[in-house]
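Asks: Generate a structure from the sequence data that follows.
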Amino acid sequence: MNNLEKQKKKATEEPWKLIKPLSFGPGSEVWLAKLNGKKVIAKRYPPSNLPWPLPPDPNVLAKLRHPSIVRFIYSDKDEDEVRTDFFSFKPDAISLKEMLQHGTLPEPTRISIIGSAAYGLRYLHEKSAVGPILHGDIAPSNLIVTPTGKSVWLDVSAFKPETFPLGPGLIWGHPTFMAPEVLNEGPVTIASEVFAFGLLVLCCFVGRLPWSKAVTPQDIFGNLAYQNLSKTVSEAALPEPLNKVVRMTLALRPEDRPLMSEVVAVLRNS
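Replies: Sure thing, here's the model as predicted:
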């Protein structure tokens with residue numbers, strides 16, 4: 001009996017319950033819940049006729065084991081066929097988005113957050129047991145930070161590169177952190193997530209990206225700061241090696257962007 005089967009058997013013996021809602025998205029909702037007497041995070045996928053991406057494969061989620069990736073516990077369906085995925089709960093962690101709303105972060109904290117996030121993304125892209133997979137929605141709201149300054153990725157889509165669901169006029173995730181080719185309805189790839197990571201690092205220093213209030217891809221492309229990313233990065237005055245990392249990752253051509261292993265090497269050797 002594998003770990004997923006053991007968790008399913010145990011959850012059947014001790015039913016779970018929802019405690020309170022944490023957030024509601026267009027295709028899912030997140031709750032604080034209890035499973036086997038312990039607090040967990042529950043992500044629910046109510047039935048919908050809209051073309052939302054399929055929920056992640058629980059067998060893939062169960063094989064993701066990394067300190068910078070939230071731990072998947074169990075997946076269940078209730079009598080109404082609503083799927084609920086359960087993840088470990090870190091009671092003292094807060095999202096990077098919330099931290100940035102409270103003001104500028106101390107430099108050691110920023111470096112620790114960025115380093116942990118880079119290791120987690122490298123694991124998904126290059127080192128996981130299930131092969132290269134995408135996070136699917138790189139954004140400060142999907143990165144939580146523990147009291148020690150370590151960061152953990154939430155809401156992993158677990159799609160294979162270039163298999164993310166696409167369609168005319170459909171863009172999934174936070175447009176603020178998307179690469180130009182994705183905003184143009186191109187495929188989500190490892191290279192496009194590397195670009196998104198670069199924007200996340202930039203956001204750690206400026207607090208909010210200049211185009212954060214843009215609603216459509218056209219709004220983002222029309223923003224002067226997005227049109228001239230090199231100048232935007234220069235004005236942010238990032239310290240090394242983060243200035244180098246951001247400039248590498250924000251290359252306009254996907255083929256010019258590094259892998260996350262190269263990003264990690266720059267961070268580790270500087």
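
Asks: Tell me the first helix or strand C-terminal of the strand or helix carrying residue 218.
Replies: Using DSSP states H and E, residue 218 sits within helix 217-221. Downstream of helix 217-221, the next assigned helix or strand under DSSP H and E is helix 224-227.

Asks: With just CA atoms, put that following helix into CSV.
Replies: Extracted C-alpha coordinates of helix 224-227, given in CSV (Å, rounded to 0.1, in the frame of the first residue of the first chain):
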residue,chain,number,x,y,z
LEU,A,224,6.1,51.8,-20.4
ALA,A,225,7.8,50.0,-17.5
TYR,A,226,7.0,46.6,-19.1
GLN,A,227,8.0,47.8,-22.5
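
Asks: Let me know the distance separating residue 262 from residue 269.
Replies: 11 Å (CB to CB, to the nearest Å). No exception for glycine: its C-beta is placed from N, CA and C like everyone else's.

Asks: more crowded one of the two?
Replies: Neighbour totals were compared for residue 262 and residue 269, and residue 262 leads with 15 against 7 (other CB atoms under 10 Å).

Asks: Would you map the strands across the chain?
Replies: Using DSSP state E, the strands of the chain run over residues 17-24, 29-35, 38-45, 72-77, 83-88, 94-95, 143-145, 151-153.

Asks: from those strands, which stretch is densest packed?
Replies: Burial of the strands of the chain is given as mean neighbour count (mean count of other CB atoms under 10 Å); strand 143-145 ranks first at a mean of 24.

Asks: Off-centre distance for that strand?
Replies: 9 Å (CA atoms, centre = their mean, to the nearest Å).

Asks: Which residues does that strand contact?
Replies: 70, 90, 93-96, 99, 109, 113, 117, 151-154, 200 (CB atoms under 8 Å, 6 or more residues apart in numbering).

Asks: now do 6 Å
Replies: 93, 95, 96, 113, 117, 151, 152, 153 (CB atoms under 6 Å, 6 or more residues apart in numbering).

Asks: now stretch 216-232
Replies: 183, 210, 211, 214, 250.

Asks: ok, 7 Å please
Replies: 171, 175, 183, 210, 211, 214, 250 (CB atoms under 7 Å, 6 or more residues apart in numbering).

Asks: do you know how far residue 148 is from residue 38?
Replies: Counting by CB to CB - residue 148 and residue 38 are separated by 21 Å.

Asks: If we ignore the residues flanking it in sequence, what's nearest residue 250?
Replies: residue 198 (4.4 Å; CB to CB, 6 or more residues apart in numbering).

Asks: pretty sure the one you found is touching residue 246, no?
Replies: Yes - using CB atoms under 7 Å, residue 198 is in contact with residue 246, at 4.9 Å.

Asks: For the contacts of stretch 216-232, which single residue is the most surrounded?
Replies: residue 250 (22 neighbours).

Asks: Now for that residue: which residues touch it?
Replies: Applying CB under 7 Å, 6+ apart, the residues contacting residue 250 are 195, 198, 229, 233.

Asks: how about 8 Å then?
Replies: Residue 250 neighbours (CB under 8 Å, 6+ apart): 195, 198, 199, 202, 229, 233, 257.

Asks: Give me the below-cutoff pLDDT ranges for this protein.
Replies: 1-14, 51, 162, 164-171, 270 (pLDDT under 70).
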